[in-house]
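> dropping a prediction and its sequence here:
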There are 2 protein chains.
Amino acid sequence: MKNISNTPCPIARSLNCVGDTWSLLILRDALAGLTRFDQFRKSLGIAPTMLTRRLATLTEEGLLEKHLYSERPPREEYVLTIAGQDFLPILVMIGAWGRKYRSMGGVTQLIDDESGQEIKPIVVDAVTGATIGTRAMHLVIPERPTTSSTSQINNQ
Amino acid sequence: MKNISNTPCPIARSLNCVGDTWSLLILRDALAGLTRFDQFRKSLGIAPTMLTRRLATLTEEGLLEKHLYSERPPREEYVLTIAGQDFLPILVMIGAWGRKYRSMGGVTQLIDDESGQEIKPIVVDAVTGATIGTRAMHLVIPERPTTSSTSQINNQ
């Protein structure tokens, strides 16, 4: 693998932190309120060694923080940082894809407390208000004398 | 691992199709217009056997479709299905996270062709218009006589 931490692609850089199923499911569970090793282990059915490694990586990457919740015996829990909390929209969109294409037998629904209605998450550009995928866009590589369009994005 | 294809969680189901870095980077490249084996291999610096396996899985899962682009010699290319194209918003949000938290040294910017401005992608609920993470929400498990709130989502 190329050293993706040096790539100018922010997608590759993100995936370098959390680019596997377990890490993303740990973040999902943390967003649902889980904090303790045993809670994650039971929820995920993951081998303890695997869980230990993923929690260590997520902590090193600044997505989780270890807090002491018991002095005697000393026990730590894992709490989401702001960067970890900012995975919520990503996971919500991953869930929306699964709800659309992998719903056989029934999947969980995400309900807005206030409206009582099912949430229909979409990605929009906060600048123009346009839904992502409905307008042409291109990538610009940074740190060049002239910005150059390197890649058209095809979603039409 | 629990059999996540039977879980009611749509996030786990999605990740069951594309839950690794390579698969997501292949989708990224396909959305940027790449279609051929050698194009993916060069872009990703991935071992051919790994790439073959990932392309086969993405095809089986219905995210890519094989098309013949040369009869003699027979050559196939990989084209995104609608389900594959629907990964665009997810990848755009993963990119936004990387741009926010892993931008050291410069990362690519996503520009709206029409406005010429950098896109600021956010996830909103199309029903209420609220940005995801700004209002309380809960999950409901399907196929129960009474819907029950199983999990509060913490992002405040």
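Received the coordinates, thanks.

> in chain A, which residue is closest to the centre?
In chain A, the residue lying closest to the centroid (C-alpha atoms, centre = their mean) is A:Phe87, at 3.6 Å.

> with adjacent residues omitted, what lies nearest to that residue?
Leaving aside its chain neighbours, A:Phe87 sits nearest to A:Leu27 (4.9 Å; criterion: C-beta to C-beta, 6 or more residues apart in numbering or on different chains). (Glycine included, C-beta is placed from N, CA and C.)

> which outside residues touch the host helix or strand of the one you found?
For A:Leu27, the host element (DSSP states H and E) is helix A:21-31. With contacts defined as C-beta atoms under 8 Å, 6 or more residues apart in numbering or on different chains, helix A:21-31 is touched by A:17-18, A:39-40, A:43-44, A:46, A:50-51, A:54-55, A:57-58, A:63-64, A:78-80, A:84-85, A:87-88, A:91, A:94, B:4, B:9, B:11-12, B:15-16, B:19-20, B:153-155.

> again, but for stretch A:98-117
The contact list for stretch A:98-117 (C-beta under 8 Å, 6+ apart) reads A:92, A:95, A:118-119, A:121, B:5-6, B:8-14, B:16-17, B:62, B:83, B:86, B:125, B:127-128, B:130, B:135-143, B:150, B:153.

> rerun at 6 Å
Residues external to stretch A:98-117 that are found in contact with it (C-beta atoms under 6 Å, 6 or more residues apart in numbering or on different chains): A:118-119, B:8-10, B:13-14, B:83, B:127-128, B:135-143.

> can I get it as PDB, trimmed to CA atoms?
The C-alpha coordinates for stretch A:98-117 follow below in PDB (Å, rounded to 0.1, in the frame of the first residue of the first chain):
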ATOM      1  CA  GLY A  98     -27.700  -0.200   4.000                       C
ATOM      2  CA  ARG A  99     -31.300   0.700   4.600                       C
ATOM      3  CA  LYS A 100     -31.800   1.300   0.900                       C
ATOM      4  CA  TYR A 101     -29.900  -1.600  -0.500                       C
ATOM      5  CA  ARG A 102     -29.700  -4.300   2.300                       C
ATOM      6  CA  SER A 103     -33.000  -4.100   4.200                       C
ATOM      7  CA  MET A 104     -34.100  -7.700   3.600                       C
ATOM      8  CA  GLY A 105     -35.800  -9.000   6.800                       C
ATOM      9  CA  GLY A 106     -35.900  -5.600   8.400                       C
ATOM     10  CA  VAL A 107     -33.300  -3.100   9.600                       C
ATOM     11  CA  THR A 108     -33.400  -0.500  12.300                       C
ATOM     12  CA  GLN A 109     -35.000   2.900  11.600                       C
ATOM     13  CA  LEU A 110     -33.600   6.200  12.800                       C
ATOM     14  CA  ILE A 111     -36.300   8.400  14.300                       C
ATOM     15  CA  ASP A 112     -36.200  12.100  15.000                       C
ATOM     16  CA  ASP A 113     -37.400  12.600  18.600                       C
ATOM     17  CA  GLU A 114     -39.100  15.900  17.900                       C
ATOM     18  CA  SER A 115     -41.000  15.000  14.800                       C
ATOM     19  CA  GLY A 116     -41.400  11.300  15.500                       C
ATOM     20  CA  GLN A 117     -40.700  10.600  11.900                       C
END
